[in-house]
Every structure is written in C-alpha cells, then in structure tokens.
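Novice: for reference, the sequence and a predicted model appear below.
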Amino acid sequence: MESDVATLQNIADTLKEEPLASQRVLAENAGMSIGLMNAILKRFVERGWIMLTNVNLRKLSYAVTPAGIAELSARSQKFAKRTFEIANKYNEILCKVVSDASQKGKSTLVLYGNSYIKFLLVYACQTFNVTFLEKSASEPITADAFCVVGEQCEESDAARLVEQGGVSLLELLEG
C-alpha cells in the first residue's frame with residue numbers, strides 16, 4: 001500500500017508539471033514500464049484515486065481525484081507525525097545527555113562537524129545553561145568540554161575524534 005501511495009505521489013507530481021502527460025511520461029518519471037503503469041492506472045481508477053478523460057480518440061488525460069488527494073494528505077500527515085515523534089525522542093535523549101554532562105561539570109558542548117539535528121543540541125544546551133560551540137571536524141578535541149561528533153563527518157574524521165575522546169552523535173541517539 002505504501003508503494004502505491006508513493007507511485008500516486010509521483011503521478012500527482014508529474015501531472016502538476018505536465019497536466020497532459022501521457023502514460024509513457026508517467027511511466028518514465030516513475031521508473032517503470034508502460035505496461036506496469038497502465039495496470040497501476042487501472043487499479044488507481046478502480047480505487048477512485050485517478051480519473052480518466054478522453055482528450056481525443058487516441059489520447060487520455062489523467063487527473064488525481066479528491067480521494068487521491070485525501071490519500072496523499074493522509075500519507076503526509078503520517079510522515080509528519082512520525083518525524084515529530086522521532087524529533088521528540090531525540091530531544092529527550094539529548095536533553096538527558098547534556099544534563100548529565102552539566103552535572104559532571106561540563107559547561108561547554110562542542111559539536112565537531114555538521115549535524116542535521118544541531119538545533120536539538122542547541123536547545124538542550126540552552127535548557128541546561130551549557131555553552132554551545134561548533135568546530136570543524138579537522139580540529140582537535142577540546143579537553144574540558146563535552147565533545148560531540150556530528151553525523152555528517154567523514155568516517156575518518158569521526159573515528160579520529162572519537163578516538164580522541166569525542167562521542168558520536170549517532171551512538172548517543174542509538175544508545
């Protein structure tokens with residue numbers, strides 16, 4: 001079912017860019033054969049997600065129906081909910097980690113390299129009055145700070161920083 005909704009999203013995106021897209025164009029954009037696209041379109045018509053209209057004797061036009069749009073909307077809401085749940089879980093973990101580091105006398109957290117969730121580290125530091133700093137992954141570990149290695153670091157840099165006493169952000173979140 002999830003792959004059907006992903007295919008429906010692909011069709012909707014294609015039709016948004018090219019409202020009179022042919023089955024061939026829909027198939028190419030979805031990375032599938034024309035025969036498979038034909039079968040999927042028939043199934044989507046049966047489900048009420050796609051509407052077919054005749055442009056002329058040889059050409060069909062496709063449109064995503066309100067039911068199809070509702071299905072895509074439900075998928076977006078599920079994705080957003082799942083994303084928020086993960087962000088909340090990571091926030092709780094990082095707040096605990098920063099709180100523990102603060103209680104152990106660390107007044108500074110240094111993020112080495114980049115992280116997609118840097119904002120959560122910044123928030124945790126602000127919450128527990130810990131100074132947040134960023135450094136390049138090529139710089140050495142700061143001895144008196146709690147040092148976190150961002151998940152976007154090159155493997156070699158990450159390994160070196162962890163060896164020097166830094167903690168992998170990914171390991172903090174998994175651990």
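Specialist: Perfect, I can see it now.

Novice: when you work out contacts or count neighbours from here on, use the C-alpha atoms and nothing else.
Specialist: Will do.

Novice: helices along the chain, start to end?
Specialist: For the chain, the helices defined by DSSP state H occupy 2-17, 23-30, 34-47, 66-103, 118-127, 155-163, 169-174.

Novice: dump these to CSV, plus mean pLDDT, mean neighbour count and distance to Glu139.
Specialist: Output for those, formatted as CSV (pLDDT from 0 to 100; neighbours: other Cα atoms under 10 Å; distance: least, Cα to Cα, whole Å):
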stretch, mean pLDDT, mean neighbour count, distance to Glu139
helix 2-17, 91, 16, 42
helix 23-30, 94, 18, 44
helix 34-47, 94, 15, 52
helix 66-103, 94, 15, 21
helix 118-127, 96, 17, 18
helix 155-163, 93, 15, 9
helix 169-174, 93, 14, 17
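
Novice: how close does the spatially most central residue of the chain sit to Asn10?
Specialist: Nearest residue to the geometric centre of the chain (Cα atoms, centre = their mean): Thr83, 7.6 Å. For Thr83, the distance to Asn10 equals 21 Å [Cα to Cα, to the nearest Å].

Novice: now do Ile34
Specialist: 15 Å.

Novice: might one say that Ile50 is in contact with Ser61?
Specialist: No. Because the distance of 10.1 Å does not satisfy Cα atoms under 8 Å, Ile50 is recorded as not touching Ser61.

Novice: just want to know which of these two has more residues nearby.
Specialist: The neighbour count for Ile50 versus Ser61, taken as other Cα atoms under 10 Å, is higher for Ile50 (22 against 16).

Novice: how about that one, nearest residue that isn't a chain neighbour?
Specialist: Val64 (4.6 Å; Cα to Cα, 6 or more residues apart in numbering).
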